[in-house]
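Participant: no sequence for this one, just the structure:
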């Protein structure tokens, strides 16, 4: 028997919403991901119509009613004979519920439970889940995204699209067919306790644009998005989970604000809408009837005015706004009459189904009304192929589709782009350790965990050497409060991290006690930063803080984004998408450039992590071949240390594994990171000139043979000095060695040839001391290493901490000069007897610190928003400057022809240096990239490591081959 409504029209209208050709034509971006770009729904034909007609006609009434109910399931391991599994089984097999809404869980637990229940179902189950900020909203170890408001702060709709697309990819992998997102509510009430950062903005146009982009991303993966909470939940200060919200707006007001995002999304093909448990008495003749149960809202407004003909889903029917007024069955009957199709989370599904059946039997509700919603759901199930499949999730595929490195990188990028700096008095940002040597980070929380903010503290310590971490929460004693106040007074900068979570039925501002204490903290210190990792309106509680930053959520991605922003390690350009009353307006936000090294992943900068496995193979093979006992490889691109791994052991006893943070003797890299850099600085300051004659500093050079030697000649290694002299077989003091070099005869006429020489660089180190008034180690550390955050870079590290010494591999067991085990002291014997500080050797450093130095050079002398060298000086020193060689001033450059340790794939504008101990770093200006290799290939003696040149080149080529075109 054919139902009275037109099933063919229903099929056609729903298929148009599913395929959404309008949205496909409006993608202003492209995406080269792992999945299809557009939905291709099955064609609608007579067979489909007959099939749906048959289902409607032959399915028993109670089963059709059951199909309209979606019950909750926990996506975790569920024992077969547990009470929870028994209840779900009964819902599926006896009451024939139409689908599930999965709540909290984990990947495999949800997948296995899904598979089991699908096997039991007479009708395939339609699986739904809340995924507003990604699958991680409900499922652990999936991809978590920035909350909607933070995504809108980026100003880039493509971010919302990618958020939707990746969320849908992971949802599909887990057998989810429909997600309850995006939130299309306009957060135009700062006191809203339930929407807040879940909304994209307080501006309806922004909400519409970003919500539609998210929708398009979801639909591109053939997953159903759901716009919520119709007709708008943004302008309420009551939580509908717990009470009965009322919005006193007339239709004109509603139409000009709340309805605009819904209209925009519906016009672009939104296939499903979720209703809100909110009353609008001025629209419904003074009745306080919740929108979910109001035919004027779901019928006249949604269907007639907004022309929506898709699926209407209720918000959870277990919310207090519903259960306080209606029995389970009465609520469903009223929702059906109002125009809702799918009933989410009835507080008593057994009772509700029976009451709805009774309502049909007694004439209160027509079977035709049941048939209409039943047919809608069957169309979805049919179009998505559920009737033609066993609907089983392939467990072996999950690890290739969920939380992939690409998904992680996209989530991290969006998080960084969301960070909003609203205030920066006295130019505190980006933070410089030399200006604020001691930092206190105070985590403010409304829990009793005691560890809140610890992740933030660890992240800060990656960029600053002295961060004191304290927590102020509900268990903080009066004694601890006094200690916090004392430490705040002693700190140079206080960073307050607000971890006040947005919880149902909880205030969204600081309580009076917390507010009073934090004001005391700010009064004890005249420099302060306030970061909100949640409720953005909290900055209005502490207006007096010098810096205001919005971090949007307490997640690792947001914490990393905030930390990078604090230190200039990422670009900041996000704009506030809401008004913060009497403080900030929509569009406010400061901008900063990315000028400091950030710690990140290969995907962030377009490197394929699978290609970088080649680096592992190269280094591990070299270790097996005893080229060196261990190594560290660092790859920096676009200002991000994207790869930093330790391999092997510090020595052949294999008792101390190499860590990525280990510190190596750089040998001749000292020539550029200390001597050349210091010379560049002194030239910028006008204290030195490249054409200054060495004779001006050393009378011994005031001879016919040596008089014309300049600093330029020394840097270009064309002074005429011999390449190498041992000296220490007979002289072992600094004055004696320096004096011997001064009196060394030339081996060729100055400027006529290129002969790489340590001797000239040793003299240049002495000149730096004379001109600057500071020894080379002191000058280079004060001018570069410490202010740039190169906290592992030292001459004579043995005189530093034991902790640092333990991170340094030994370089040799010296049997020639009777030094024994050379460990944490310079390997080069001349530098060793020059008290460990020389212009040619003696510097120790880590891969991360070298990456910072490389970043400064690629930034044309700027690091952390501070200029260390003039851009013209950097360009001059790092480009070819000699007719006798391809070298720059001090810096080596990639060989133009033949073999090069910089690798065959490096660009022609590549510069850097090598170190005798097995170290190297090469900087490719065009690729904005540096490849760093640290080894102790001279251990246990310098006869080892003969393949080091080839390994350098192979590592570089492996790094360059990972670049994704």
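Facilitator: Right, received. Where do you want to start? Note that the structure is a prediction, hence the values are computed from the model and not measured.
Participant: make it CA atoms for all contacts and neighbour counts henceforth
Facilitator: Fine.
Participant: could you pull up the mean pLDDT of stretch 753-767?
Facilitator: Stretch 753-767 shows a mean pLDDT of 98.
Participant: just the buried residues of that stretch, please?
Facilitator: Buried residues in stretch 753-767, defined by neighbour count with 16 or more other Cα atoms under 10 Å: 753-767.
Participant: figure out the helix or strand that the residue located most distally from the centre of the chain lives in.
Facilitator: In the chain, the residue that sits farthest from the middle, by Cα atoms, centre = their mean, is residue 704; the gap is 62.1 Å. Residue 704 is part of no helix or strand when elements are defined by DSSP states H and E.
Participant: which stretches of the stretch 301-450 of the chain form helices?
Facilitator: Taking DSSP state H, counting those that start in this stretch as the criterion, the stretch 301-450 of the chain carries its helices at 320-323, 328-338, 349-361, 367-383, 405-418.
Participant: and the ones you listed: which comes nearest residue 159?
Facilitator: helix 405-418 (6.4 Å; Cα to Cα).
Participant: which residues sit against that closest one?
Facilitator: Helix 405-418 has contacts (Cα atoms under 8 Å, 6 or more residues apart in numbering) with 143-146, 150-154, 159, 162-163, 166, 551, 557-558, 560-562, 564-565, 570-574, 601, 603-604.
Participant: same check on stretch 759-778?
Facilitator: The contact list for stretch 759-778, computed with Cα under 8 Å, 6+ apart, reads 671, 674-675, 678-679, 682, 687-688, 697, 711, 714-715, 717, 719, 721-725, 738, 741-742, 779, 794-795, 837-840.
Participant: from the chain's centre, how far out does that stretch sit?
Facilitator: The gap between where stretch 759-778 is centred and where its chain is centred comes out at 42 Å by Cα atoms, centre = their mean, to the nearest Å.
Participant: now do stretch 369-379
Facilitator: 43 Å.
Participant: still on that earlier bit, could I get the helices of the stretch 301-450 of the chain as CSV with mean neighbour count, mean pLDDT and distance to residue 430?
Facilitator: Converted to CSV, the helices of the stretch 301-450 of the chain look like this (neighbours: other Cα atoms under 10 Å; pLDDT from 0 to 100; distance: least, Cα to Cα, whole Å):
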stretch, mean neighbour count, mean pLDDT, distance to residue 430
helix 320-323, 21, 81, 47
helix 328-338, 22, 96, 54
helix 349-361, 19, 97, 56
helix 367-383, 20, 96, 52
helix 405-418, 24, 97, 15
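Participant: start to end distance for stretch 171-184?
Facilitator: Stretch 171-184 stretches 20 Å from its first residue to its last (Cα to Cα, to the nearest Å).
Participant: which ones are touching residue 831?
Facilitator: Counting by Cα under 8 Å, 6+ apart, residue 831 touches 837, 838, 840, 841, 842.
Participant: so the second one sits in a helix?
Facilitator: The one in question is residue 838. No - applying DSSP: H, G, I helix; E, B strand; the rest coil, one finds residue 838 to be coil, outside a helix.
Participant: what's the closest non-adjacent residue to residue 655?
Facilitator: In space, and not counting its chain neighbours, residue 655 is closest to residue 649: 7.0 Å by Cα to Cα, 6 or more residues apart in numbering.
Participant: also residue 697?
Facilitator: residue 767 (6.9 Å).
Participant: ok, which stretches of the stretch 801-950 of the chain are helices?
Facilitator: Going by DSSP H, counting those that start in this stretch, the stretch 801-950 of the chain shows helices at 802-806, 829-832, 847-858, 871-878, 948-961.
Participant: would you turn the ones you listed into CSV with mean pLDDT?
Facilitator: Shown next, in CSV, are the helices of the stretch 801-950 of the chain (pLDDT from 0 to 100):
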stretch, mean pLDDT
helix 802-806, 94
helix 829-832, 98
helix 847-858, 98
helix 871-878, 98
helix 948-961, 98
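Participant: quick check: which of those is buried the most?
Facilitator: Across the helices of the stretch 801-950 of the chain, the average number of neighbours (mean count of other Cα atoms under 10 Å) peaks for helix 847-858, which reaches a mean of 26.
Participant: contacts for that one next, please.
Facilitator: Helix 847-858 is contacted by residues 595-597, 632-636, 639, 641, 644, 660-661, 663, 673, 788-793, 862-863, 868, 874, 921, 923, 925, 928, 930, 932-934 when judged by Cα under 8 Å, 6+ apart.
Participant: got a ChimeraX select line for the buried ones in the contacts of helix 405-418?
Facilitator: The buried subset of the contacts of helix 405-418, as determined by 16+ other Cα under 10 Å, is captured in ChimeraX by this line:
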select :143,144,145,146,150,151,152,153,154,159,162,163,166,551,557,558,560,561,562,564,565,570,571,572,573,574,601,603,604
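Participant: show me what contacts residue 420?
Facilitator: So residue 420 contacts 153, 549, 550, 551, 572, 573, 574, 575, 576, 589, 590 (Cα under 8 Å, 6+ apart).
Participant: export the residues you listed to a markdown table and tack on secondary structure, distance to residue 833 and pLDDT?
Facilitator: Output for the contacts of residue 420, formatted as a markdown table (DSSP: H, G, I helix; E, B strand; the rest coil; distance: Cα to Cα, whole Å; pLDDT from 0 to 100):
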| residue | secondary structure | distance to residue 833 | pLDDT |
| --- | --- | --- | --- |
| 153 | helix | 58 | 98 |
| 549 | strand | 51 | 98 |
| 550 | strand | 53 | 98 |
| 551 | coil | 52 | 97 |
| 572 | strand | 48 | 98 |
| 573 | coil | 52 | 98 |
| 574 | coil | 54 | 98 |
| 575 | coil | 57 | 98 |
| 576 | coil | 59 | 98 |
| 589 | coil | 55 | 98 |
| 590 | coil | 52 | 98 |
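Participant: which two among those are spaced furthest apart?
Facilitator: Farthest apart among those by Cα to Cα are 551 and 590. That separation is 14.1 Å.
Participant: ok, residue 906 - contacts?
Facilitator: Residue 906 is in contact with 924, 956, 957, 960, counting by Cα under 8 Å, 6+ apart.
Participant: so who does residue 542 touch?
Facilitator: The contact partners of residue 542, by Cα under 8 Å, 6+ apart, come to 515, 519, 530.
Participant: just the ones of the residues you listed in strands?
Facilitator: In strands, judged by DSSP state E, the following of those are found: residue 530.
Participant: out of the contacts of residue 542, which is most surrounded?
Facilitator: Within the contacts of residue 542, neighbour counts (other Cα atoms under 10 Å) peak at residue 530, which reaches 24 neighbours.
Participant: okay, which residue is most central for the chain?
Facilitator: Residue closest to the mean C-alpha point of the chain, counted by Cα atoms, centre = their mean, is residue 412 at 2.0 Å.
Participant: is residue 143 in a helix, a strand, or coil?
Facilitator: Applying three-state DSSP: residue 143 is coil.
Participant: so how far is residue 408 from it?
Facilitator: 6 Å.
Participant: cool, and residue 600?
Facilitator: Counting by Cα to Cα, the separation of residue 600 from residue 408 is 11 Å.
Participant: swap in residue 125?
Facilitator: Separation of residue 125 from residue 408 (Cα to Cα): 30 Å.
Participant: end to end, how far does stretch 182-197 reach?
Facilitator: End-to-end distance of stretch 182-197: 12 Å, with Cα to Cα as the criterion.
Participant: circling back to that earlier point, mind putting the contacts of residue 420 in JSON lines, distance to residue 771 included?
Facilitator: Formatted as JSON lines, these follow (distance: Cα to Cα, whole Å):
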{"residue": "153", "distance to residue 771": "50"}
{"residue": "549", "distance to residue 771": "43"}
{"residue": "550", "distance to residue 771": "46"}
{"residue": "551", "distance to residue 771": "46"}
{"residue": "572", "distance to residue 771": "39"}
{"residue": "573", "distance to residue 771": "42"}
{"residue": "574", "distance to residue 771": "45"}
{"residue": "575", "distance to residue 771": "48"}
{"residue": "576", "distance to residue 771": "50"}
{"residue": "589", "distance to residue 771": "44"}
{"residue": "590", "distance to residue 771": "41"}
